[in-house]
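Peer 1: Sequence and predicted structure below; questions after.
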Amino acid sequence: MKSSYSSNNKIYKEEKFVAKVELKQPIVDEISENIKDAASVVVVDARGLTVAEDTQLRKQLREAGVVYKVYKNTLMKRAFEGTDFAALDEVLEGPSAIAVSKDDATAPARVLAKFAKTATNLEIKAGVVEGTFYDAKGMTAVAAVPSREELLSKLLGSIQSPITNFARVLNQIAEQGGASSAEAEAPATEEAPAEEPAEAPAE
């Protein structure tokens, strides 16, 4: 009787374990999909944030095109396995959330670092940016890197500046040249011929 009970109990535990794994797999798949082809993943501890702060942070990240989610560490480790983001396993302790960007590699760090200046309870643990692992200090440096749009804007501005100056010079030359041509082409004013003195009548 005792043997039968132990056997049934073992089967029940195994079935319960399988059920838990099956329930967790969709979440692991979701994380895997989020980090697939991601330019960067940043791990943060946001447990000290108020509801209002958390709402505001999520809004700012969403506007920057960043996916922000809170997951269990064990599930993230399973999803990170075999990827560059497995380097983040060492900081997955305690409540953790991830900020993921597939386009702008520095966007998560910039938004999080800026937000942390006023929300001191937000802690950036580490991140992987374009395949390279950065600790908390390293992420501060990454956060200082301008966005792609800012860099392109500065580049375009530096390119346009000489062109604009050159165009201005050409315009001035054209205006000056036009004035000179106008003067050259203007017909000279002919002076009226002097009247010849009338001849004295013959006597």
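Peer 2: The structure has been received and is ready for your questions.
Peer 1: can you list the domain ranges for this protein.
Peer 2: Domain segmentation of the chain under automatic domain parsing yields 2-145, 146-180.
Peer 1: Tell me where this protein has strands.
Peer 2: Assigned strands in the chain, in chain order: 40-45, 67-71, 96-101, 123-129, 132-135 (criterion: DSSP state E).
Peer 1: thinking residue 113 is in contact with residue 143, fair?
Peer 2: Yes. Between residue 113 and residue 143 there is a contact under Cβ atoms under 8 Å: 3.6 Å. Using the backbone N, CA and C atoms, a C-beta is placed for each residue, glycine as well.
Peer 1: need the contact list for the residue lying closest to residue 64 once chain neighbours are set aside.
Peer 2: Once flanking residues are discounted, residue 64 sits nearest to residue 107: 4.7 Å by Cβ to Cβ, 6 or more residues apart in numbering. Residue 107 makes contact with 40, 64, 65, 66, 101, 147, according to Cβ atoms under 8 Å, 6 or more residues apart in numbering.
Peer 1: what residues are up against the fourth one?
Peer 2: The neighbourhood of residue 66, defined by Cβ under 8 Å, 6+ apart, consists of 99, 100, 101, 107, 108, 111.
Peer 1: List buried residues within the contacts of residue 107.
Peer 2: 40, 64, 66, 101 (16 or more other Cβ atoms under 10 Å).
Peer 1: For the last one, give me the pLDDT.
Peer 2: Which is residue 101. With respect to pLDDT, residue 101 scores 96.
Peer 1: Any idea what it is bridged to?
Peer 2: Applying DSSP bridges to residue 101 gives these bridge partners: residue 40.
Peer 1: check contacts around it.
Peer 2: Residue 101 sits in contact with 38, 39, 40, 64, 65, 66, 67, 107, 108, where contact means Cβ under 8 Å, 6+ apart.
Peer 1: ok, now how distant is it from residue 65?
Peer 2: 6 Å (Cβ to Cβ, to the nearest Å).
Peer 1: Name all residues that make contact with the closest residue to residue 79 other than its chain neighbours.
Peer 2: Nearest non-adjacent residue to residue 79, counting by Cβ to Cβ, 6+ apart: residue 31, 3.6 Å away. By Cβ under 8 Å, 6+ apart, the residues touching residue 31 are 69, 71, 75, 76, 79, 80, 98.
Peer 1: Can you say which two of these are spatially most distant?
Peer 2: 69 and 80 (13.6 Å; Cβ to Cβ).
Peer 1: ok, those two, which is more surrounded?
Peer 2: Using other Cβ atoms under 10 Å, the more surrounded residue of residue 69 and residue 80 is residue 80, with 22 against 14.
Peer 1: Distance of the closest residue to that one other than its chain neighbours relative to residue 76?
Peer 2: Distances taken as Cβ to Cβ, 6+ apart place residue 86 nearest to residue 80, at 4.6 Å, with adjacent residues excluded. As judged by Cβ to Cβ, residue 86 and residue 76 stand 10 Å apart.
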